[in-house]
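*Asks:* Show me how the following folds:
(one chain, ligands or ions: 1)
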Amino acid sequence: MPSPSLKSRSGLRLICLEETASTNDYLRLHAKELQDPVTLALAEHQTKGRGATGAWLSERGANLLFSLLTHPATLEAKDIFLLSQMACLAVCRGLETLCAGKGFSIKWPNDVYWGEGKLAGILIENELTGKRVADCVTGIGVNVNQTSFSTELPNPTSLAVIEGRQLDRALVLEAIVEQYSSLYKALCQGDCEGIREGYLKRLFRKGERHGYKDGEGEFRATLETVEPSGHIVLIDDEGRRRRYAFKEVQHII
Ligand code: BTN
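*Replies:* Got it, this is the predicted structure:
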């Protein structure tokens, strides 16, 4: 399925799998022997696809299921959230080149949305050596041509639903990988401000008042920002500043 130009891209090793448990698991298992700048593992079907909170469900052959392995040795562990920001931004920018005029947004910490619907999910798994990131596996699931979804999913959408037509998955993959490769090059050169700005510019519900849920219950707040550390900052209706790490709070959709 990958396009000829992706197959011949320098600095990119491509691994195409008909079926695997999870492309993230595949690359984690082989990370030490795969030392190209970027390795892409792509599957038509995953038998144990994983999301941040459970299984990642996807119709066989309809969508994109892939993971990117990099070795960002210059990146310090304290800057690790840049890897999430980079992946989200690459997906948004890639999709923007194919679906002109459609605004894609990033739901903290790393989902890609169109309107109120979840279009893509990202699962990042890092291997640290001391204070450095030795291996980064970025798993990306994009709903491309699927139009009916499990009732277990609260708010799925797909490019086919948005555009009203089926899309060429090879072109979608190529557009995202092209953006990812160029952002990764910038990251390796220490050029990180553009990544942070691009993420914040597309942040879902930024500056708006909505419902949230933390360990104590539900509340309403305005999303102020996401810090470089990855913490989300909310201002609640009492004017109190609330700062949360990943999984400590969730949006009510
Ligand atoms: C989420 O939104 O919960 C993250 C979903 C990530 C899904 C992708 S599909 C390719 C890669 N392999 C996996 O097992 N998960 C990621």
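
*Asks:* Assign the closest residue to the ligand within the stretch 51-200 of the chain to helix, strand or coil.
*Replies:* The stretch 51-200 of the chain approaches the ligand most closely through Gly121 (2.2 Å), counting by C-beta to the nearest ligand atom. Every residue, glycine included, has its C-beta placed from N, CA and C. At Gly121 the chain is in strand, as set by DSSP: H, G, I helix; E, B strand; the rest coil.

*Asks:* bridging residues for it?
*Replies:* For Gly121, the beta-bridge partners are Asp111, Gly141 (DSSP bridges).

*Asks:* Now do the same contact list for it.
*Replies:* 51-52, 56, 110-112, 140-141 (C-beta atoms under 8 Å, 6 or more residues apart in numbering).

*Asks:* Can you narrow the residues you listed down to the ones near the ligand?
*Replies:* 51-52, 56, 111, 140-141 (C-beta under 6 Å from any ligand atom).

*Asks:* can you pick the most crowded of those?
*Replies:* The member of the ones next to the ligand among the contacts of Gly121 that has the most neighbours, counting by other C-beta atoms under 10 Å, is Ile140 with 27 neighbours.

*Asks:* Would you mind listing the residues in contact with that residue?
*Replies:* Contact analysis of Ile140 by C-beta under 8 Å, 6+ apart lists 64, 66-68, 87, 91, 120-122, 176.

*Asks:* quick check, nearest of the residues you listed to Ser158?
*Replies:* Ala120 (9.5 Å; C-beta to C-beta).

*Asks:* and the closest residue to Leu183 other than its chain neighbours, helix, strand or coil?
*Replies:* Among residues not flanking Leu183 along the chain, Met86 sits closest, at 4.8 Å (C-beta to C-beta, 6 or more residues apart in numbering). Following three-state DSSP, Met86 is assigned to helix.

*Asks:* quick one: Met86 and Ser182 touch, right?
*Replies:* No. Look at Met86 against Ser182 with C-beta atoms under 8 Å: they stay out of range, at 10.1 Å.

*Asks:* For these two, work out which one has more neighbours and name it.
*Replies:* Met86 (27 against 12).

*Asks:* now that one: how far from Cys188?
*Replies:* 11 Å (C-beta to C-beta, to the nearest Å).

*Asks:* Could you do Lys118 as well?
*Replies:* Applying C-beta to C-beta to Lys118 and Cys188 gives a distance of 30 Å.

*Asks:* now swap in Arg242 and tell me
*Replies:* 34 Å.

*Asks:* between those two, which one's more packed in?
*Replies:* Ranked by neighbour count (other C-beta under 10 Å), Arg242 and Cys188 place Arg242 first, with 18 against 15.

*Asks:* Which elements pack onto the strand or helix carrying that one?
*Replies:* Arg242 belongs to strand 241-244 when assigned by DSSP states H and E. Where contact means 3 or more C-beta pairs under 8 Å, 6 or more residues apart in numbering; DSSP states H and E, strand 241-244 is packed against strand 232-236.

*Asks:* who does the strand it packs on touch, helix- and strand-wise?
*Replies:* Going by 3+ C-beta pairs under 8 Å, 6+ apart, strand 232-236 lies up against strand 217-226, strand 241-244.
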